[in-house]
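Chemist: predicted model and sequence below, questions to follow.
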Amino acid sequence: MKSIYITGMSGTGKSSVIQNLQKKGYTTIDTDYGDWKELSLSDGTSEWILKENKLKQLFMRPLTSPIFISGCCANQTNIYSLFDYIVLLSASVETILKRVADRTSNPYGTTLQERNEIIWNFENIQPLLQQNNDFEYNTEMMTVEEITTSLEVLIKD
């Protein structure tokens, strides 16, 4: 069975795509929720990182159905080998900032400090994400349904 990791900056639509896939009956994990991340302290700063061992344990037994996992953390490249495809969702920084300001499902991006962090991530992290993916979908050009359909095609290959 195929496994796909969906990544992208906050506000690009990862949760919307994961929710749509879940509605269609697929096995999904949104690492922004549940016990998939842990707080890492380094050089006096903290950040949320994926619980790599927990994800690796998930893949220790054979998959009985396709699985879609979404997230964006500094250590995610350490688990890329678990997946058949890495899919990047992208949008312009203006669109991302508007989406995070308007959303009600996640408070991240509402403070000035968080918005500045999003801009910094867009300028510095987004290019790294663009180097390490199999497919990139621009969520300004494609609907959630179109992206979901494209992902369904990938798991049937």
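Modeler: Happy to help now that I have it. Numbering: from 1, shown residues only.
Chemist: what pLDDT, on average, does stretch 40-51 get?
Modeler: Stretch 40-51 shows a mean pLDDT of 86.
Chemist: and for stretch 3-23?
Modeler: 96.
Chemist: from the chain's centre, how far out does it sit?
Modeler: 6 Å (C-alpha atoms, centre = their mean, to the nearest Å).
Chemist: show me where pLDDT drops low in this structure?
Modeler: Across the chain, not a single residue meets the criterion (pLDDT under 70).
Chemist: helices of that one, start to end?
Modeler: Listed in chain order, the helices of the chain (DSSP state H) span 14-23, 52-58, 93-102, 112-124, 126-131, 144-156.
Chemist: just checking, what packs against the fourth one?
Modeler: Just to be clear, that refers to helix 112-124. Here helix 112-124 touches helix 93-102, going by 3 or more C-beta pairs under 8 Å, 6 or more residues apart in numbering; DSSP states H and E. Glycine gets a C-beta too; all of them are placed from N, C-alpha and C.
Chemist: buried stuff in the helix it packs on?
Modeler: 95-97, 99-100 (16 or more other C-beta atoms under 10 Å).
Chemist: looking at the helices of the chain, which one is packed in the most?
Modeler: helix 14-23 (a mean of 20; mean count of other C-beta atoms under 10 Å).
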